[in-house]
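A.B. asks: coordinates for the following, if possible.
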Amino acid sequence: MPIMTGAEAFVASVVREGVEVIFGLPGVQIMALLDAVYHCPRLRWISVRHEQTAGFMALGYARTTGKIGVAAVVPGPGALNATAAIGTAYATSTPVLLLSGQVESFNLGKQRGALHEVVDQLDVFKPITKWCHRVLRVEDVPGAVQQAMYHLRSGRVRPVELEIPSDIVDSSGEVTLLKSKPIPVIPPEPAPIRAAAELLASARRPIILAGGGATAADASPELTAVAEHLRAPVITTPEGKGAIREDHPLALGTFYYRIGPAKYVFPRGDVILVVGSRLYFRAPLPGDFRPDRKLIQIDIDASEIGRNQSVQVGIVADARLALKSLLEELPEKSQSTWQPSELEEIRKTIVAAVEAEAPLQLSILRTIRRELTEESILIPGVTNVAYWGHLAYPVLRPRTYFTTSYFATLGFAFPAALGAKVGNPDKPVVTLCGDGGFMYALPDLATAVQEKLNVVTLVFADGAFGASLDDQQTRFGGRVIGTRFHNPDFAQAAQSFGAIGIKLSHPAELAEALPSALKAERPAVIEIPIPTLSTPFGMPRP
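C.D. replies: Take a look at the predicted model:
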């Protein structure tokens, strides 16, 4: 058995598991880890300026590649800074491994005030991880990494946290490096597949609702095949965008608050096939899931079946395998009465509704779509144009668009885009940021420049936390407090970091600025002035 330090054992173990990059911020408890990476040519280390960025870069890397994202931080403030990103990974079912340093093993639980000490740090991560664990012996490091990777790859993927005390990271011991544990594939049981097929075979107005689980399972081909076989329109959640090409004749767009296809389609449907969605909506339309409408729910997580809506058939399985089995069980002909002209009319109605309420946002989104290729990655932040992007930006391939799901994490988009670029160096990556959200990770423009990550960041500047200001104007009688702020000159700030900075005087100038930014070999920030605009989830302002 080789003699290794805890840090060397960790590095060797993650490399055996296929990890290619670690995002992190150096600190005393993990310095031996950096030294181990230094001696490992197969592993790349990227330093960030804030631990939250490390977590979000790992998330963006994982969401766009399907690989595991890894971040490393010191305990205490470093680990706590990363929790927003780990919570977002939990909400979005993203495989992120956070390696947290820890105080010396002999100081654990003593409350002596050791450097970066947080008593019971594991308890911080229990609500936002699938699994968390502390390693107390060097020889146990490979087994802990193997177990972490098993949790990250099996069942419903979600983040894990692993922490190693600093003396264990530095100490040496005999270790046995391990192979990856086999990952069980969860096939569907035959009985619920048959029951679902019977319901769908008799359906005259079948509907498919696809969530993020469809993309996580790489089930897009099977989803499209089932939709075509049933002649059923497909609606996605924002997390499910790209599960079917949104220029497909059966793709109707996104279920998102009060605007979108749901209110036109659900009242007409008789059987709804749900693939990889929690079926929880903040503002569901009245009667969306009335008792006479039959729901079939496919989810790899058994606890999600029937949690938020009553279902007639629940199928606990990998979505790709379930859809494949369902397709084999369906009769040759569908009873669907949906007509292409009817679906086209619904699409036109939705576009007209967006045009009426958000003409500026729609114009911007059309400009972006026109300039990007099918495989380009667009990451929408928590900002107005991005909200409308869920409804009006057509996604043509899986893993080229993702959100923060119910966590709605302000500030995630720019660092997540950096991680996406690391994982997809040959694909254009664009992110939509508000001026409030972009300020969360502005210092990591330095990271983007240093690592040559030519991400294009569109910063929509209205000098406000726009959704909250809109809320004050529509629900609180215009009593504005705390929602307006002073901005720097974002273009000049970008230039000071060594990035490209472009400041527009009007959103229409984006059509000229975006192509040149996409061709640049440096990060680019385009500042776009906009007024505070209505959101799709609030009531429209007069």
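
A.B. asks: wouldn't Val316 be in contact with Ile305 here?
C.D. replies: Yes: Val316 is in contact with Ile305 according to C-beta atoms under 8 Å; the separation is 6.3 Å. Using the backbone N, CA and C atoms, a C-beta is placed for each residue, glycine as well.

A.B. asks: now do the shared contacts for those two.
C.D. replies: Counting by C-beta atoms under 8 Å, 6 or more residues apart in numbering, the shared contacts of Val316 and Ile305 are Asp299.

A.B. asks: all helices of the stretch 351-500 of the chain, in order?
C.D. replies: With DSSP state H, counting those that start in this stretch as the criterion, the stretch 351-500 of the chain has helices at 359-371, 384-392, 413-423, 435-438, 445-450, 466-475, 490-497.

A.B. asks: identify all contacting residues around the fifth one.
C.D. replies: By that I understand helix 445-450. The contact list for helix 445-450, computed with C-beta under 8 Å, 6+ apart, reads 46-49, 53, 418, 453-455, 493-494, 497-499, 522-523, 525.

A.B. asks: residues of it that come out buried?
C.D. replies: Judged by neighbour count using 16 or more other C-beta atoms under 10 Å, the buried positions of helix 445-450 are Leu445, Ala446, Thr447, Ala448, Val449.

A.B. asks: name the nearest of these relative to Gly109.
C.D. replies: Lowest distance from Gly109 to the buried residues of helix 445-450 (C-beta to C-beta) belongs to Thr447, with 35.1 Å.

A.B. asks: and the helices of the stretch 351-500 of the chain, which is most packed in?
C.D. replies: Most buried of the helices of the stretch 351-500 of the chain, by mean neighbour count (mean count of other C-beta atoms under 10 Å): helix 413-423, with a mean of 29.

A.B. asks: what angle sits between it and helix 384-392?
C.D. replies: For helix 413-423 against helix 384-392, the angle by axes from the mean of the first three to the mean of the last three C-alpha atoms, to 10 degrees is 60 degrees.

A.B. asks: who are the packing partners of helix 413-423?
C.D. replies: The contact analysis (3 or more C-beta pairs under 8 Å, 6 or more residues apart in numbering; DSSP states H and E) places helix 413-423 against strand 21-24, helix 51-65, strand 377-380, strand 429-434, helix 435-438.

A.B. asks: how about the third one as CSV, C-alpha atoms only?
C.D. replies: C-alpha atoms of strand 377-380 as CSV (Å, rounded to 0.1, in the frame of the first residue of the first chain):
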residue,chain,number,x,y,z
ILE,A,377,-24.9,28.3,-23.5
LEU,A,378,-27.1,31.1,-22.0
ILE,A,379,-27.3,31.4,-18.2
PRO,A,380,-30.2,33.5,-17.0
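
A.B. asks: chain center to that strand, what's the gap?
C.D. replies: 10 Å (C-alpha atoms, centre = their mean, to the nearest Å).

A.B. asks: mind giving me the packing neighbours of that strand?
C.D. replies: On a contact count with 3+ C-beta pairs under 8 Å, 6+ apart, strand 377-380 meets helix 384-392, helix 413-423, strand 429-434.

A.B. asks: ok, the closest residue in space to Gln495 that isn't next to it in sequence to Pro233 distance?
C.D. replies: Spatial nearest neighbour of Gln495, excluding adjacent residues (C-beta to C-beta, 6 or more residues apart in numbering): Gly501 at 4.2 Å. Per C-beta to C-beta, to the nearest Å, Gly501 is found 43 Å from Pro233.

A.B. asks: okay, the two: which has more neighbours?
C.D. replies: Between Gly501 and Pro233, Pro233 has the larger neighbour count (other C-beta atoms under 10 Å), namely 28 against 20.

A.B. asks: Glu304: neighbouring residues, count only.
C.D. replies: Neighbour count for Glu304, taken as other C-beta under 10 Å: 22.

A.B. asks: check contacts around it.
C.D. replies: Taking C-beta under 8 Å, 6+ apart, we find Glu304 in contact with Arg278, Leu279, Gln297.

A.B. asks: quick one: residues contacting Trp131.
C.D. replies: Going by C-beta under 8 Å, 6+ apart, Trp131 touches Gln147, Ala148, His151, Val160, Glu161.

A.B. asks: oh, I was asking about Ile300
C.D. replies: If you count contacts by C-beta under 8 Å, 6+ apart, Ile300 has them with Gly155, Arg156, Ile186, Gly213, Ala217, Gly276, Val316, Ala317, Asp318, Ala319.

A.B. asks: out of these, who's the most crowded?
C.D. replies: Counting by other C-beta under 10 Å, Gly276 has the largest number of neighbours within those, with 31 neighbours.

A.B. asks: ok, what's across the strand from Val313?
C.D. replies: Beta bridges link Val313 to Ile296, judged by DSSP bridges.

A.B. asks: for it, give me the pLDDT.
C.D. replies: At Val313, the model reports a pLDDT of 97.

A.B. asks: quick check: it touching Ala196?
C.D. replies: Yes: the pair Val313 / Ala196 is scored as a contact, 4.7 Å apart, by C-beta under 8 Å.

A.B. asks: nearest to Val74 among the contacts of Trp131?
C.D. replies: Among these, Glu161 lies closest to Val74 (C-beta to C-beta), at 13.4 Å.
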